[in-house]
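J.: structure of the sequence below:
(2 chains)
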Amino acid sequence: MDEIQKRLLMEVADLHEVPEGAYNIRANSQSAGRRSTENIEIISKQDVSGLEIRIRPGTKNESVHIPVVMTESGLKEVVYNDFYIGEGSDVVIIAGCGIDNCGNQDSQHDGIHRFFVGPGAKVRYVEKHYGSGEGKGKRILNPVTEVYMQQDSTMEMEMVQIKGVDDTERTTVAELDTGAKLVVRERLMTHGEQRAISTYDVKLNGKDSSADVVSRSVARDRSFQKFDAKIVGKAPCSGHTECDSIIMDEGRILAVPGLEADHVDASLFHEAAIGKIAGEQLTKLMTLGLTEAEAEEQIINGFLR
Amino acid sequence: MLELKNVSFQVAEEGTDKEIVRGISLKVPEKKLIVVTGPNGGGKSTLARLIAGIEKPTAGKIFFGGEDITEKSVTERARMGIAYAFQQPVRFKGIRVVDLIRIAAGKKVTAAEACDYLSAVGLCARDYVDREVNASLSGGELKRIEIATVLARKAKLSVFDEPEAGIDLWSFRNLIDVFRNMRETIADSSILVISHQERILNIADEIIVIKDGRVEKQGSREEIYPSLGADSAEAPACDRLLKTMKDGMEDA
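T.: Numbering: from 1, shown residues only, chains lettered A, B, ... in the order given. Reported below is the predicted structural model:
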């Protein structure tokens, strides 16, 4: 791997070197390294590009890293990764994609991730997106995440896209069985002419299932964001969506909260707040000696922490 | 150290200009604790905001350390050594108490140092240092954190706007200790406190009474304090209420 690829790996997966546990590093559409462990098996798909990751029931405190880096301008790929998470396991999955595009052709990675979460399993999933490079070619990421959660399973998803991705359409669908719990924390910052669309469709099918989908975002310059979060309650369940956004410059944000209760004991809430940075927050930090620009930076960094 | 010369401030309200501060002149010398008091709506908080640079005077000049700072920004004044504690502290999503203290100190502050500032305002540092300065904090907690950020500034002039308001169970004696401590540890520093509190008035070197946007009285504590009498907010509430009723009846 070259230096740019190593830097991208740092950005998307905090990796300085080969990670512990199971991993597959994909660089410019090739595998740049893979390791399966006793409990976690990573195999290539035969029919399409992508991986099958099988986590044995009862696997505890293990992790899987599957970062993707792209440095070749004009590369376009669709990758299908399926995760089978065995009953009662407790694992961390770290994905993420970094694109460095110095050329004039668009680079695009569309990752289709499907999670089959077994009964009682606990998953923490972290996905970071990052783009860099001075070329005119766009850096495009269109992730699709499908989550199928069996009884009493838990999934925490942290989705982060802070810099450099020109265009993204993220679609997340989830179906939850009895007692399953989904928590989503999305953090997004767009700048320049970027566009980011994030769509959620969560179905609470089982009794006592719950979903909490929270997005914090900042739209700067002339960027545009759309947050479209729908929760459907088909059983006694609880669902909450929240879009909390800061707009700056000529940024635009569209929040489309959607709740559908198909059961009398479904309890669903949504919150959405969009606005510029409160003047008094800037003033307070300026009375502590920061310039207005420094104050803005502190407020945004905190907000997206 | 600080001098206001004939400072006025007016705002446009319902089409007419309203003068909130009317030609105030005053001096805050070095090593003094000045308490500004007077009835609500008299222009005290506006005066504090004019000193911090949050509002700009519509007339008059402000000098700090001999330099004309009338046109200087909030940031410039902060860097020159003016600190300001908000009457109603601001909440932030995601910014932690320790972050605010670090920004206030303007340098790397160890967790232990940050804890010292919190302990000084009666907060158990361990419980608060990593808390976000957000809506989960009560008004009283927020107010004490606000005071801690001003402590961390170690400024030549610290301005407190009603620091006693809403500090819940934390006693006034602690607040007074904070002021005393600041005077001892920050060389040549002065403090300007806006307050109605008898105990704070009691430790003033000088008292300034502001009413209707003007300085009504100004002088040493010994001179001014006895004359505050029934006008003071510390007078028994019943007396004031009776007086108001009497005034009202006379007006009718």
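J.: show me where the stretch 151-252 of chain B dips below the pLDDT cut-off.
T.: B:168-170, B:229-252 (pLDDT under 70).
J.: look up phi and psi at the closest residue to chain B within chain A.
T.: Residue nearest to chain B within chain A: A:Gly302 (3.3 Å; CB to the nearest CB). Every C-beta, even on glycine, is put in place using the N, C-alpha and C of the backbone. Note on A:Gly302: its backbone torsions stand at phi -60, psi -50 [degrees, to the nearest 10].
J.: okay, it: pLDDT?
T.: Model confidence at A:Gly302, given as pLDDT, is 93.
J.: that one contacts B:Gly94, correct?
T.: Yes. Contact criterion CB atoms under 8 Å: A:Gly302 and B:Gly94 qualify, at 3.3 Å.
J.: chain B contacts on chain A?
T.: A:216, A:244, A:278, A:280-281, A:283-292, A:298-299, A:301-305 (CB under 8 Å from any CB of the partner chain).
J.: in helices, which of those residues appear?
T.: A:280-281, A:283-287, A:292, A:298-299, A:301-303 (DSSP state H).
J.: neighbour count added to those, as JSON lines?
T.: Shown next, in JSON lines, are those (neighbours: other CB atoms under 10 Å in any protein chain shown):
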{"residue": "A:Glu280", "neighbour count": "14"}
{"residue": "A:Gln281", "neighbour count": "21"}
{"residue": "A:Thr283", "neighbour count": "19"}
{"residue": "A:Lys284", "neighbour count": "27"}
{"residue": "A:Leu285", "neighbour count": "27"}
{"residue": "A:Met286", "neighbour count": "23"}
{"residue": "A:Thr287", "neighbour count": "29"}
{"residue": "A:Glu292", "neighbour count": "15"}
{"residue": "A:Gln298", "neighbour count": "22"}
{"residue": "A:Ile299", "neighbour count": "23"}
{"residue": "A:Asn301", "neighbour count": "15"}
{"residue": "A:Gly302", "neighbour count": "19"}
{"residue": "A:Phe303", "neighbour count": "21"}
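J.: please identify which two of those residues are farthest apart in space.
T.: A:Thr287 and A:Phe303 (19.7 Å; CB to CB).
J.: re earlier: and which of the ones in helices among the residues of chain A next to chain B is nearest B:Arg199?
T.: A:Thr287 (26.0 Å).
J.: sorry, back to before: what is in contact with A:Gly302 and B:Gly94 at once?
T.: B:Glu132 (CB atoms under 8 Å, 6 or more residues apart in numbering or on different chains).
J.: pretty sure A:Lys136 sits against A:Ser107.
T.: No. Using CB under 8 Å, A:Lys136 is not in contact with A:Ser107; the gap is 11.5 Å.
J.: residue ranges of the strands in the stretch 1-150 of chain B, please?
T.: Listed from the start of the chain, the stretch 1-150 of chain B has strands (DSSP state E, counting those that start in this stretch) covering B:2-13, B:16-28, B:33-37, B:59-64, B:67-68, B:82-85.
J.: to A:Phe227, which of those strands lies closest?
T.: Closest among those, once you apply CB to CB, is strand B:82-85, at 36.9 Å.
J.: report all helices and strands that the closest one contacts.
T.: Judged by 3 or more CB pairs under 8 Å, 6 or more residues apart in numbering or on different chains; DSSP states H and E, strand B:82-85 is in contact with helix B:44-52, helix B:139-153, strand B:157-161.
J.: and it, how far from the chain's centre?
T.: 8 Å (CA atoms, centre = their mean, to the nearest Å).
J.: ok, residues contacting that strand?
T.: So strand B:82-85 is contacted by A:287, B:2, B:48-49, B:51-54, B:64, B:78, B:146-147, B:149-150, B:153, B:155-161, B:163 (CB under 8 Å, 6+ apart).
J.: rounded mean pLDDT for that strand, please.
T.: 96.
J.: that strand: partners in the sheet, and parallel or antiparallel?
T.: Here strand B:82-85 is paired, per DSSP bridges, with strand B:157-161 (parallel).
J.: between the partner strand and helix B:139-153, how big is the angle?
T.: For strand B:157-161 against helix B:139-153, the angle by axes from the mean of the first three to the mean of the last three CA atoms, to 10 degrees is 170 degrees.
J.: could you check strand B:157-161 and say which residues are buried?
T.: Across strand B:157-161, burial judged by 16 or more other CB atoms under 10 Å in any protein chain shown covers B:157-161.
J.: also stretch B:53-66?
T.: Per 16+ other CB under 10 Å, stretch B:53-66 contains these buried residues: B:53-55, B:57, B:60, B:62, B:64.
J.: and the contacts of it?
T.: A:283, A:287, B:1-10, B:21, B:23-25, B:46, B:49-51, B:68-74, B:76-77, B:80-82, B:84, B:156-157.
J.: and the end-to-end length of stretch B:11-21?
T.: 10 Å (CA to CA, to the nearest Å).
J.: what's the answer for stretch A:101-108, then?
T.: 10 Å.
J.: cool, stretch B:189-204 as well?
T.: Distance between the boundary residues of stretch B:189-204 (CA to CA) amounts to 14 Å.
J.: middle-most residue in chain A, spatially?
T.: A:Met159 (2.5 Å; CA atoms, centre = their mean).
J.: run through the bridge partners of residue 96.
T.: Using chain A here. Here A:Gly96, judged by DSSP bridges, has bridge partners A:Lys128.
J.: not quite, I wanted chain B
T.: Those that pair with B:Arg96 in a beta bridge, by DSSP bridges, are B:Glu132.
J.: how many other residues sit next to it?
T.: 19 (other CB atoms under 10 Å in any protein chain shown).
J.: which helix or strand contains A:Ser63?
T.: Per DSSP states H and E, A:Ser63 falls inside strand A:60-65.
J.: give me the buried positions along that strand.
T.: Neighbour-count burial for strand A:60-65 [16+ other CB under 10 Å]: A:62-65.
J.: what sits opposite the closest residue to A:Ser209 other than its chain neighbours in the beta ladder?
T.: Spatial nearest neighbour of A:Ser209, excluding adjacent residues (CB to CB, 6 or more residues apart in numbering or on different chains): A:Leu176 at 3.9 Å. In this entry, A:Leu176 is beta-bridged to A:Met149, A:Leu204, by DSSP bridges.
J.: residues contacting A:Leu176?
T.: Per CB under 8 Å, 6+ apart, neighbours of A:Leu176: A:149, A:182, A:202-206, A:209-211, A:237.
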